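Student: pasting the structure only:
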C-alpha cells in the first residue's frame, strides 16, 4: 500500500511567491500534476526548473519522489539529502531520511543477486537512515517497521553470503582432491606404460579412474550451466570429466598411451588450484573497505544536516513495497532494538519520547 500523494498538494501551500523571472510556484504545481499522473520524467524536469529559482525543501522532496519512481535511486538520494538540509521541521527531516533509507533498500534489492556483499551493506545503511528518521520523529511507526525489515534483510543476505562461501569452500576442496588424484593416476599410468604392465594393476587403475569420473558427475560441476538469458555454458569440470572418462575407456582396451594422454588432458583442463588464487581474496577485502567508506560518508552528511533549524511540518511519505512484515526476527536484532529503545527512554525531557513500538 502506497502513501505519499497527499504531501504533493500539502507542499503547494508552502512555496514562496516567485520574485524572479521564473515562477517556481507554477513549476512546482506543474511537477505535482505530472507526478500525480505518473509522468515522472515531466515531473523531474518541472521540479529541476523550479529548483533553479527556489530553495524550498518541498521541491527537492518531490523531485526525490519522481526520481525514486523512475528507479534513479542515486539521484533520489541526492534530492532527499538536499530536502533534509533545507528542512524547517524535524518531521520534514525525518521523512527525508526515511526516503533515503527506502532508496538504499531498493539499491540493495537490485544488487542482491550480483553483489551480495554490497547488497548487505546497503541494507545496513538503510537501517541507519531509518534510525535517523526515528530520532527526528519517534512516533514514526513506519520508520520503526522498515528499520526492522532492513535489519532482517541484511541478516538474510549475510546468511546467503555465508552459505555461498561454504559451498565455494567445498568446491575448492573437491577441485584440490581431483587435481591431486589425477596427478596420482598420471604417475601410476606412466609407470605401467613404461613397464608395459596391462594386468591387474591396470584394471585397478581403470576402476579408480571411473570412480573419479563418478565423483565429478555427482558434484554436478560437469553439467552445463543455464544462464538467465537461456544460453548455456560448460560446467567447470565438464572437460575434465570427459577426458577422465576417455582415459578409463582407453585403459579398458588397454591403450596405455591414449589413457595417459587423456589423464594429462584432464589435469590440464581442471580448474586451477584454489590455493594459487590468493589475489581474489585481496580484491574482495578492498571491496568491503570501499563499502565502509561509503557508510562513513553518510555519517558526515548526517552531521551537516543536523545543523538545520527544526520547525514546521510534513505529511505523507513513500514506503517500501512488497516487503512483508517479519514473522521471526533474529535475537541479536531484537536485543539491539531493545537497547535502542532504552537509550531513547534515557534521553532528557524535551528531546523526544521513546518510540511507541513493540520491538
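Tutor: Now that the structure is in, tell me what you want to look at. Remember, it's a predicted structure, so these values are computed and weren't measured experimentally.
Student: could you measure residue 250 against residue 124, distance?
Tutor: 56 Å (Cβ to Cβ, to the nearest Å). From N, CA and C alone the C-beta is placed, and that goes for glycine too.
Student: So which residues of the stretch 151-300 of the chain form strands?
Tutor: 225-226, 232-233 (DSSP state E, counting those that start in this stretch).
Student: mean confidence for the last one?
Tutor: When pLDDT is averaged along strand 232-233, the result is 90.
Student: The residue nearest the centre of the chain: what's it in contact with?
Tutor: Closest residue to the average C-alpha location of the chain: residue 119 at 1.5 Å, with Cα atoms, centre = their mean. Neighbour list for residue 119: 108-109, 111-112, 157 [criterion: Cβ atoms under 8 Å, 6 or more residues apart in numbering].
Student: That one sits in which helix or strand?
Tutor: Counting by DSSP states H and E, the element that carries residue 119 is helix 116-136.
Student: quick one: average confidence on that helix?
Tutor: For helix 116-136, the mean per-residue pLDDT is 94.
Student: now that helix: how far from the chain's centre is it?
Tutor: Distance, stretch centre to chain centre, for helix 116-136: 12 Å (Cα atoms, centre = their mean, to the nearest Å).
Student: what ranges of the stretch 251-359 of the chain fall below the confidence cut-off?
Tutor: Within the stretch 251-359 of the chain, the ranges that satisfy pLDDT under 70 run 277-359.
Student: switch the cut-off to 80
Tutor: 274-359 (pLDDT under 80).
Student: just checking, residue 235 touches residue 224?
Tutor: Yes. Counting by Cβ atoms under 8 Å, residue 235 sits close enough to residue 224 to count as a contact (6.2 Å).
Student: if you count what's nearby, which of the two comes out ahead?
Tutor: Using other Cβ atoms under 10 Å, the more surrounded residue of residue 235 and residue 224 is residue 235, with 17 against 11.
Student: Contact partners for that one?
Tutor: 220-225.
Student: ok, and for stretch 174-185, which residues are buried?
Tutor: By 16 or more other Cβ atoms under 10 Å, the buried positions in stretch 174-185 come out as 174-175, 178-179, 181-182, 185.
Student: which among these gets closest to residue 254?
Tutor: Relative to residue 254, the closest of these is residue 185; by Cβ to Cβ it sits at 14.1 Å.
Student: For residue 77, which non-adjacent residue is closest in space?
Tutor: residue 103 (4.9 Å; Cβ to Cβ, 6 or more residues apart in numbering).
Student: Could I get the phi/psi values of that neighbour?
Tutor: phi -60, psi -40 (degrees, to the nearest 10).
Student: wait, it sits on residue 80?
Tutor: Yes. Counting by Cβ under 8 Å, residue 103 touches residue 80, with 7.2 Å between them.
Student: Give me the more crowded residue out of the two.
Tutor: Regarding residue 103 and residue 80, a neighbour count based on other Cβ under 10 Å identifies residue 80 as having more, with 29 against 26.
Student: what secondary structure does the more buried one sit in?
Tutor: helix (DSSP: H, G, I helix; E, B strand; the rest coil).
Student: and it, what is it in contact with?
Tutor: 60-61, 64, 96-97, 99-100, 103.
Student: Recalculate using a threshold of 6 Å.
Tutor: 64, 96, 99-100 (Cβ atoms under 6 Å, 6 or more residues apart in numbering).
Student: likewise residue 241?
Tutor: Listed by Cβ under 6 Å, 6+ apart, the contact partners of residue 241 are 213, 216, 222.
Student: Please flag which of the residues you listed sit within helices.
Tutor: Using DSSP state H, the members of the contacts of residue 241 that fall in helices are 213, 216.
Student: if we take the contacts of residue 241, which one ends up nearest to residue 140?
Tutor: residue 222 (54.1 Å).
Student: surely the closest one meets residue 237?
Tutor: Yes. Applying Cβ atoms under 6 Å as the test, residue 222 and residue 237 come out as touching, 4.5 Å apart.
Student: Now list whatever residues contact both of these two.
Tutor: residue 216.
Student: Look at these two and report which has more neighbours.
Tutor: Shown here are residue 222 and residue 237; by other Cβ under 10 Å, residue 237 has more neighbours (26 against 21).
Student: For the stretch 1-150 of the chain, which segments count as helices?
Tutor: With DSSP state H, counting those that start in this stretch as the criterion, the stretch 1-150 of the chain has helices at 5-12, 24-36, 40-51, 57-69, 73-86, 90-111, 116-136, 141-195.
Student: ok, now the stretch 201-350 of the chain?
Tutor: Going by DSSP H, counting those that start in this stretch, the stretch 201-350 of the chain shows helices at 238-252, 256-269, 278-305, 331-345.
Student: if we can go back for a sec, the residue nearest to residue 77: what's it in contact with?
Tutor: 73, 76-77.
Student: Then residue 160?
Tutor: residue 116.
Student: Roughly how far does it sit from residue 61?
Tutor: 34 Å.
Student: Pop out the phi and psi values for residue 115.
Tutor: Per-residue torsions, residue 115: phi -150, psi 80 (degrees, to the nearest 10).
Student: Tell me the buried residues within the contacts of residue 80.
Tutor: For the contacts of residue 80, buried by 16+ other Cβ under 10 Å: 64, 96, 99-100.
Student: how's this protein carved up into domains?
Tutor: Per the record, the chain has its domains at 5-161+289-345, 165-276, by automatic domain parsing.
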